[in-house]
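Chemist: Below are the sequence and a predicted model; questions follow.
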Amino acid sequence: MLAVPEGTTGPRRRAQAVKGRVCKTLIRQFESARRLHSAPTGYACRVGVGAKIGVFGTFRAVLPSGEAAQFRTARAEQVLARLAIEPGRAMSRTRLAEEIWPNAPPESQANSLRAAVSYARKGLGSGAIHSDRAKVSLDTEVESDWQEFERLERRRRFAETSEARLESLLGLDHLLGPGFLAGLHTDWAERERDRLDDVLARARCEAARLLLELGRAQQAAQLAAQSLDAMPYSEAALDALMRALIVLGRRDEARTAFAAFSSRLHTAFGAEPGHELAGLASGTGPVTSDAECFRELFRIAIEEHPEKVLELMTSERLAWPVQRHGRDFYPLLLGLLESTDGWSDERRRLVRDVLMLALAADDVAATAEWSERLFAASSPGSRDQLVALSYRAFLATRRGDCLGAQEALGAAVEVAHGLGEEYMVTVCRANLGYAKLLAGEVQEGNQMVESELAGLRKSTTRRGRLALCQAVEHLIEAALLQSDLGAAGRWLEEWDRLRRSHDLDGSVSSGYALLGWLRAMQGDAAGRGDVAQGLAEAHRERNPMLFGRLLVFSAIVLEILGRTEGEALLPRTVGFREAMAFPLLPAEIAALSTVGLAVPKPVEPGDLFGEAMARLDPF
């Protein structure tokens, strides 16, 4: 360092000090350039590229040479592990430092992160980590087993055959089995570990069901038991375990598992397992069923003895296989309804069953016809009238008549009050709030839905939990429409807790899309993948109304992230919505306008699912 002459003061002394610092900088740059040019061509700037990081099991880092990387501190390993689960994405220095050193003051966090990144570079290679004053990221050519996890998850979500889906599920079981960063007990690692444990449990449950269909009962029982251990209140996991045990000739073990599950469920929620599980335990329910054969026998019975079949529909033993394969039986049940007459209790029950299946099949004409017939045949203020009004409200929303939906739901609230069914009053009022939200009355609708949450939380049935989860989704949407990211984040946390604790994964597709919308508003491009997951779930559920709404969300997210695909996707989305007589709703039009999108002229939709997934680019 250049010495400052004694006695030098004021501006001259400061100038000499600056000159000394500049010289030091130039010397360092010269030394760096000399080392660069003395190394083999193209090597120095790419040192560390090709390294591999493992986050499942204990943390591992392997150099391109095959040797294990050594790091000066454990914090350097944590930085690499945290960056590894954000492949291809940069993390802000502030966020990374807060997660690794949550209790340190900001200045200390910044200094510690700077040192840890330096140690990580020395251990893994200078080219493995990119950073600037704001962000840090791994080089895209640094491999990690997290990338394999994301590949398997994508294959699972978008697999077109059961075999492909099973292969990805078993791959997840093998990869996630050792756990995430075993031995690391920090807040961010624990949060991620909980989420991955949930993914693993659900993967094992679904794999068990597919294995059972293939006759591999022993492996199915093992995976189902592991899934039930992780999700002690999951009826799906218990169902898979009991069926596998019964196929293996271990019915006593199946009964024991059912009794333990029943006790847990009653203690925690005051609820009882479903009738089908009780039937498996008692030996009266079918373990497996040949749906094709049963459907043919059912068809013949309807043709020859429709009144007798109608009477037997009250029998749980006959109702189980029909409910289990509801969509397949829908045409037969509709035929049974049309071949009988009168309004006996059995036929009223059948009308209600057919209405649910017609709604699931998006058979708007049948839903409208039979809901109005049920309304006309019902006495004022009766339970059937309440059911009919609920379907009338849905159909009004389906054709874009938000005011008609509000009118029907207002009448439903009055009927529920008259029946003394306070829970149904709560459900109808929450739905009325959502109808207001869709009509563009976002603030009033939001307040109305939020005011009913306490009542919705009282239900212990699966349908009640689902209604609560959907109400929370409405609140997330309201927060996003008002650009209140804090409220959206808080409601999403509750949505995620409900989804996990009540095994509602297959029924909350819009929640994933709303999560993607929030992430996009926060500048996180990973939101595209969340929207893609919601869209894929809606497509798999064959729910065109929900699918049509999530297409609008997709366009919004793509536009927020600055991709022109949103504007390109919108004309075909409008064409799809017009083809199904489901016009854009006022709230959707307002949301589009906030990101600069106007409603375009409709275009023939074609393969809209494939195009949307390609534009969202989940792969």
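Modeler: That came through, no problem.

Chemist: in which helix or strand would I find G183?
Modeler: Secondary structure from DSSP states H and E places G183 outside every helix and strand.

Chemist: and V136, what does it touch?
Modeler: V79, L83, A90, M91, R93, L96, L113, V117, I129, H130 (Cβ atoms under 8 Å, 6 or more residues apart in numbering). C-beta here means a position set from N, CA and C on the backbone, and glycine is covered the same way.

Chemist: give me the beta-bridge partners of it?
Modeler: M91, S131 (DSSP bridges).

Chemist: and the residue nearest to L481 when sequence neighbours are not counted, how many neighbours does it have?
Modeler: Take L481 and drop its neighbours on the chain: the residue closest to it by Cβ to Cβ, 6 or more residues apart in numbering is V442, 5.0 Å away. Applying other Cβ atoms under 10 Å, we find 21 residues neighbouring V442.

Chemist: In contact with V442, which residues?
Modeler: Residues near V442 by Cβ under 8 Å, 6+ apart: A478, L481, Q482, A587.

Chemist: Correct me if wrong, but D252 is in a helix.
Modeler: Yes: according to DSSP: H, G, I helix; E, B strand; the rest coil, D252 belongs to a helix.

Chemist: Any figure for the gap between it and G283?
Modeler: The gap separating D252 from G283 is 11 Å, by Cβ to Cβ, to the nearest Å.

Chemist: Quick one: list the elements packing against whichever strand or helix holds R264.
Modeler: Using DSSP H and E, R264 maps to helix 251-269. Where contact means 3 or more Cβ pairs under 8 Å, 6 or more residues apart in numbering; DSSP states H and E, helix 251-269 is packed against helix 235-247, helix 275-282.

Chemist: sorry, back to before: just the buried ones from the contacts of V136?
Modeler: V79, L83, A90, M91, R93, L96, L113, V117, I129 (16 or more other Cβ atoms under 10 Å).

Chemist: Need the nearest residue in space to the last one, chain neighbours excluded.
Modeler: Spatial nearest neighbour of I129, excluding adjacent residues (Cβ to Cβ, 6+ apart): R121 at 5.3 Å.

Chemist: since we're on that neighbour, how many residues are nearby?
Modeler: Around R121 there are 18 residues (other Cβ under 10 Å).

Chemist: Surely it touches L138?
Modeler: No: judged on Cβ atoms under 8 Å, R121 makes no contact with L138 at a distance of 11.1 Å.

Chemist: Quickly list what's touching both of those two.
Modeler: Contacts common to R121 and L138, judged by Cβ under 8 Å, 6+ apart, are A128, I129.

Chemist: thinking again about what came up before, pick the one among the contacts of V442 closest to S108.
Modeler: Each of the contacts of V442 was checked against S108 using Cβ to Cβ; the closest is Q482, at 36.7 Å.

Chemist: Would you quantify the distance from that closest one to M521?
Modeler: Q482 is 12 Å from M521, by Cβ to Cβ.

Chemist: swap in T594?
Modeler: 10 Å.

Chemist: And those two? Which one has more around it.
Modeler: A count of neighbours by other Cβ under 10 Å puts M521 above the other of T594 and M521, at 18 against 13.

Chemist: So for that one, what's the pLDDT?
Modeler: For M521, the pLDDT comes out at 90.

Chemist: That one and A479 touch, don't they?
Modeler: No: the pair M521 and A479 does not pass the contact test of Cβ under 8 Å, sitting 10.3 Å apart.

Chemist: what do these two both touch?
Modeler: Taking Cβ under 8 Å, 6+ apart as the criterion, M521 and A479 both touch L485.

Chemist: quick revisit: and the residue nearest to L481, how far from Q522?
Modeler: 20 Å.

Chemist: And A368, by the same measure?
Modeler: Relative to Q522, and taking Cβ to Cβ, A368 is found at 41 Å.

Chemist: The two: which is more packed in?
Modeler: A368 (17 against 13).
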